[in-house]
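Student: Need a 3D model of the sequence below.
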Amino acid sequence: MASEQMKHVALLLLVLNFCMYVIVLGIGSWSMNRAIDHGFIIGPGFNLPAHFSPIYFPMGNAATGFLVTFALIAGVVGVASAIVGLNHVRTWTGDSLPSAASAATISWTLTLLAMGFACKEIQLSIRNARLRTMEAFLVILSATQLLYIAAIHGASSFRRT
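Tutor: Below you'll find the model as predicted:
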């Protein structure tokens, strides 16, 4: 009975995480597209600016490029981890637990890395509303992904294969 309750908790967290990772991917993709469209334009006869960075973003601050890059990586791995987690919740056996737990753990560590850059961006303070939204989602995702990992591991003590 407790295993079935944990299954529902895990499914709820899985769907929540999937939706938030898709939102992070959407905002990160917008930021990357804007940086590509409005970044440095270097043509023949032009020199590179003195402090040129290949991770230059016209909005935000010095941490924005790193935040967006790692948020996109964390978002893609998070969506893939949600797909693996959906298979685990569907079967709910001990055979599918290792793959779901390892994918979720990798996704969580990448989300923590992106959250670290989000904290640095918050400290530097110059950013727009979309970046603030992505920062908030990354902070929330770091907690909910950890809860999801705990839910699938906690149910393994109740489960019988």
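Student: In terms of pLDDT, where does the residue of the chain most remote from its centre sit?
Tutor: Here the chain has its C-alpha centre computed as a mean, and the residue farthest from that point, by C-alpha atoms, centre = their mean, is G45 with 40.2 Å. Per-residue pLDDT puts G45 at 71.
Student: Just list the residues touching it, thanks.
Tutor: G45 is in contact with no residue at all, counting by C-beta atoms under 8 Å, 6 or more residues apart in numbering. C-beta coordinates here come from the backbone N, C-alpha and C atoms, glycine included.
Student: now do C119
Tutor: Taking C-beta under 8 Å, 6+ apart as the criterion, C119 is in contact with no other residue.
Student: Could you give the average pLDDT over stretch 125-135?
Tutor: Stretch 125-135 shows an average pLDDT of 90 in the prediction.
Student: All further residue positions should be reported with the first residue as 151.
Tutor: Renumbered: residue one is now 151, and that last one reads stretch 275-285.
Student: Relative to the whole chain's centre, how far out is that stretch?
Tutor: 15 Å (C-alpha atoms, centre = their mean, to the nearest Å).
Student: who touches that stretch?
Tutor: By C-beta under 8 Å, 6+ apart, the residues outside stretch 275-285 that reach it are 173-174, 177-178, 180-181, 209-211, 214, 217-218, 221, 268, 271-272.
Student: mind checking the end-to-end distance for stretch 238-255?
Tutor: Terminal residues of stretch 238-255 are spaced 14 Å apart (C-alpha to C-alpha, to the nearest Å).
Student: name the element G244 belongs to?
Tutor: Take DSSP states H and E as the rule and G244 turns out to sit in neither a helix nor a strand.
Student: quick one: it from H238, how far?
Tutor: Using C-beta to C-beta, to the nearest Å, G244 is found at 10 Å from H238.
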